[in-house]
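[1] turn this into a structure:
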Amino acid sequence: MFYRYTKAGARIAVDMDGLYEGEDLFLLGGSPTLNDLPLDLLRKPGVITMGMNNVPCVFMPNLWIGADKPNCFSPHIHASPEVTKFTMITRRDLIVPGTDKKVREFPSFFFFGAHDKFTFENFLDPSRDLVWWRSTFPMALQLAHRLGFKRVFLVGCGFNMNKDPGKQYAWSTGLSEEQAQYSANTYSKDVTRIAGLLPTFQRKSFYLVSCTPGSEVNSLIPYVPLAKAVDEVLSGKPSVADTNTLVHSSELKNLGQASPALQPAARG
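    Predicted coordinates:
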């Protein structure tokens, strides 16, 4: 279950499970490789994207998830109404830096509870909450499954930390050596978790595909170049309609006469 808040602060439960049932998702992480990928392909109609943490500093996705406090993120992320955003409910009343507004007062925000009691075996079982293993990535996978996505393409998810301060993320950072090591340890745990989760994913018909060259998970899951992945996802979708084939509303009655199924039911 997810929640949103009214202007007066009232909490409203929202059922979003299965909202994107059967669709594919491109999940974007902050690896420096993100800047080397043809991200414009992800703006095509029919492509759905989710960004983690500060990814919107590089690419504005359809969906966003962040688990940390708002001072860890660029405030423009919270203020972007075009992005459907998800974060932990414990962050709802925190003030977004540079503003006088609480997180829950920004547009298009949904909140969820979180705990660390999930296991690899029950990771995808129905639950009110999402997992918090001190990493946004597992949480994003659970959210993707809850929303109904069946296949998740990992973009800019390298799961490694460059020691060069200028190449730690796809955006500018100034992490200390200790902070960089903390992130590196988190990535290592995420790779181990993916390996442990794959049997459950297989059982639930939930699939991961890497679109990140050189990713640490490329030995665990299939790798497909981003351009090829986008082509594959869009191959089963209708293309932009030829306006010459569209029917004017005045012609609908003629279509009805040609199709008995569209005729009103006879009254007895």
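
[2] and the residue nearest to Met52 when sequence neighbours are not counted, what does it touch?
    Closest residue to Met52 apart from its sequence neighbours, by Cβ to Cβ, 6 or more residues apart in numbering: Thr136 at 4.9 Å. C-beta here means a position set from N, CA and C on the backbone, and glycine is covered the same way. Residues counted as contacts of Thr136 (Cβ atoms under 8 Å, 6 or more residues apart in numbering) are Met52, Asn53, Ile65, Gly66, Ala67, Asp68.

[3] please redo it, this time with the cut-off set to 7 Å
    Applying Cβ atoms under 7 Å, 6 or more residues apart in numbering to Thr136 gives the contacts Met52, Asn53, Ile65, Gly66, Ala67.

[4] can you give me the strands in this protein?
    Taking DSSP state E, the strands of the chain run over residues 2-5, 11-14, 24-28, 49-52, 63-65, 84-88, 109-112, 114-115, 130-131, 151-155, 207-210.

[5] same list (these) but as CSV, adding distance to Leu197, mean neighbour count and mean pLDDT.
    Conversion of the strands of the chain to CSV gives the following (distance: least, Cβ to Cβ, whole Å; neighbours: other Cβ atoms under 10 Å; pLDDT from 0 to 100):
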stretch, distance to Leu197, mean neighbour count, mean pLDDT
strand 2-5, 22, 18, 97
strand 11-14, 27, 11, 97
strand 24-28, 14, 27, 98
strand 49-52, 17, 24, 98
strand 63-65, 17, 26, 98
strand 84-88, 20, 22, 98
strand 109-112, 19, 22, 98
strand 114-115, 17, 15, 97
strand 130-131, 11, 21, 98
strand 151-155, 12, 25, 98
strand 207-210, 9, 20, 98
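
[6] using a markdown table, lay out those strands together with distance to Ala144.
    Converted to a markdown table, those look like this (distance: least, Cβ to Cβ, whole Å):
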| stretch | distance to Ala144 |
| --- | --- |
| strand 2-5 | 14 |
| strand 11-14 | 17 |
| strand 24-28 | 5 |
| strand 49-52 | 7 |
| strand 63-65 | 9 |
| strand 84-88 | 11 |
| strand 109-112 | 13 |
| strand 114-115 | 15 |
| strand 130-131 | 11 |
| strand 151-155 | 5 |
| strand 207-210 | 10 |
